[in-house]
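[1] Fold the following, please.
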Amino acid sequence: MGFQEEQQLESDFVMGTYARKPVELVRGSGMRVEDAQGRSYLDFVSGVGAVSLGHCHPALVSALEEQARSLIHVSNYYYIEHRGEAARMVSDLLNACVPEELRAPWKSFFSNSGAEANECAFKLARLHAKKRARAAVLASGADEAAAHAAAEAAPRIIVTLDRSFHGRTLATLAATAQPAKQEAFQPLPDGFVRTPLNDVEALEALFASQGDAICAVMVECVQGESGVHPCTTEFLQAVRRLTEERGALFMCDEIQCGIYRCGTHPFGFQHFGVVPDIVTIAKGVASGVPMGMCAARAEVAASFGAGDHGSTFGGSCLAVAAAEATLSTLASEGAAQNVERVGAYLRAMLEGLPHVVEVRGLGLMVAADLEEHVNASDVVSAGLDKGLLLNCTGPHTLRFLPPLVCTEADVDTLGERLRDILSSY
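    Below is the predicted model of the structure:
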């Protein structure tokens, strides 16, 4: 089937929720993908930060082929291979910066996406608050009626940050503090309040006025969809302090900034000297295979009982096999060191380009702001003509999320082609 026929079929039968680029990608290897006409592109989007190992890494392909030949899906009613192994690997990664004597297991719920992982986190946070309130009343000697009333009155507000992005379901959209994305879908679920990024004073004021009603704070340690804006260490440590003081949970949305995307450490929060209570994970954890996880410290995870949450396909045979292969390969191939080195090289290159006014980010999660007369969407389109897959998050902001196997030579090629594009302005 030709490209034009494919375009027509999508126009006729696929909802128009994306303004797709005029290219049909059909195969890939490492940093490169190829279109239906045989033209090659360097991929600096990687499925929006999902293809950690690069396209069609042999270890991932082998794991999927082997699993597909034995068992594809049976549901969560049964035990399957790789699920426990993948959960243990993630627990170990979450404990990577915790002193060995203080490490304790993290427990995970498997989902299919980041939005679902965040929905799980919201449910767990509210249920945990209810069970804590109920247990406290029962411990005081009160009866079941009083315990039930305390649970019903438990804190339920979840605090998120301005310009955050947590998903496109109704609840995750309510948590996404971007009014432009919310307006068309009102009314949204209540119970979410927003506070400015990196404003400790505003956060303290919010806890002073509503702290008794707050059950959790969710942050992206590096905000992705708003244009790669990192939190400060001071702000994240304030979140940790205030949640501990009020008995609330500290939740990190690591969907984009986790799984070595920031370099040095497996997760973004580990770059800031804090340890949260709940971490949500997706995108890069299975290198492009649909997979999400909500991981919680064991005492928090214990608030979930059988029947409190579920998913038909979450933690499927294929997904957990992909996750185990991805995490093993990232570790064996030294992803953290490569991301740290190449990320620094990428940022330095971008800072030297014409019309770039600011570069932000950690590791291979990087944004470049352009001068106001340079339209980032036009640069993305020009990139296609130059054999580059690029992404923009705003009128003047380019975002770079290459596979974690990106090399300095790939960055050099990007720099040469971007310089040609930007020099025309």
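
[2] From the chain's centroid, how far away is stretch 241-252?
    21 Å (Cα atoms, centre = their mean, to the nearest Å).

[3] So for that stretch, what gets flagged as buried?
    Neighbour counts over stretch 241-252 (16 or more other Cβ atoms under 10 Å) mark R241, L242, T243, R246, G247, A248, L249, F250, M251, C252 as buried. All C-beta spots, glycine's among them, are computed from the backbone N, C-alpha and C.

[4] I'd assumed H309 was in a helix, is it?
    No. Assignment of H309 by DSSP: H, G, I helix; E, B strand; the rest coil gives coil, placing it outside any helix.

[5] M251 versus that one, what's the distance?
    According to Cβ to Cβ, to the nearest Å, H309 and M251 sit 15 Å apart.

[6] With respect to R134, which of the buried residues of stretch 241-252 is nearest?
    R134 lies nearest to G247 out of the buried residues of stretch 241-252, by Cβ to Cβ, at 13.5 Å.

[7] So for stretch 391-409, mean pLDDT?
    Throughout stretch 391-409, pLDDT has a mean value of 98.

[8] and that stretch, which residues are buried?
    391-393, 396-406.

[9] Against L242, how distant is T233?
    Plainly put, T233 is 15 Å away from L242 if you go by Cβ to Cβ.

[10] again but with A104, I slipped
    23 Å.

[11] now swap in F109 and tell me
    Distance from F109 to L242, by Cβ to Cβ: 26 Å.

[12] I figured E81 hits E324, correct?
    No. Look at E81 against E324 with Cβ atoms under 8 Å: they stay out of range, at 9.0 Å.

[13] Have a look at those two and say which one is more surrounded.
    E324 (22 against 13; other Cβ atoms under 10 Å).

[14] does that one really touch V90, like I thought?
    No. Between E324 and V90 there is no contact under Cβ under 8 Å: 10.1 Å.

[15] list the contacts for T264?
    Q270, H271, A336, V339, E340, G363 (Cβ atoms under 8 Å, 6 or more residues apart in numbering).

[16] Quick one: low-confidence residue ranges for the protein.
    Nowhere does the chain drop to pLDDT under 70.

[17] what ranges do the strands span in the stretch 101-250 of the chain?
    In the stretch 101-250 of the chain, the strands defined using DSSP state E, counting those that start in this stretch lie at 106-111, 157-161, 192-195, 214-219, 222-223, 229-230, 249-253.

[18] Reformat those as TSV; add distance to H57.
    What follows is those, written out as TSV (distance: least, Cβ to Cβ, whole Å):
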stretch	distance to H57
strand 106-111	21
strand 157-161	34
strand 192-195	38
strand 214-219	31
strand 222-223	24
strand 229-230	28
strand 249-253	26
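
[19] highest average neighbour count across those strands?
    strand 249-253 (a mean of 29; mean count of other Cβ atoms under 10 Å).

[20] List of residues touching whatever helix or strand comes next after that one?
    Following strand 249-253 in sequence order, the next helix or strand is strand 278-281 (DSSP states H and E). Residues outside strand 278-281 that contact it (Cβ under 8 Å, 6+ apart): 90, 94, 106, 114, 117-118, 120-121, 124-125, 216, 249-255, 258-259, 267, 269, 292-297, 300.

[21] and strand 278-281, which strands flank it?
    strand 249-253 (parallel), strand 292-297 (antiparallel) (DSSP bridges).

[22] re the thing from before, just send the contacts of T264 back as a markdown table, with neighbour count and distance to A145 too.
    Supplementary listing: the contacts of T264 in a markdown table, determined by neighbours: other Cβ atoms under 10 Å; distance: Cβ to Cβ, whole Å:
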| residue | neighbour count | distance to A145 |
| --- | --- | --- |
| Q270 | 22 | 44 |
| H271 | 21 | 47 |
| A336 | 19 | 53 |
| V339 | 26 | 55 |
| E340 | 19 | 57 |
| G363 | 27 | 53 |
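
[23] count of neighbours near G114?
    Around G114 there are 29 residues (other Cβ under 10 Å).

[24] scratch that, S311
    With neighbours defined by other Cβ under 10 Å, the count for S311 comes to 16.

[25] State the distance from R126 to E244.
    Distance of R126 to E244, computed by Cβ to Cβ: 18 Å.

[26] Equivalent analysis for N375, please.
    Distance from N375 to E244, counting by Cβ to Cβ: 45 Å.
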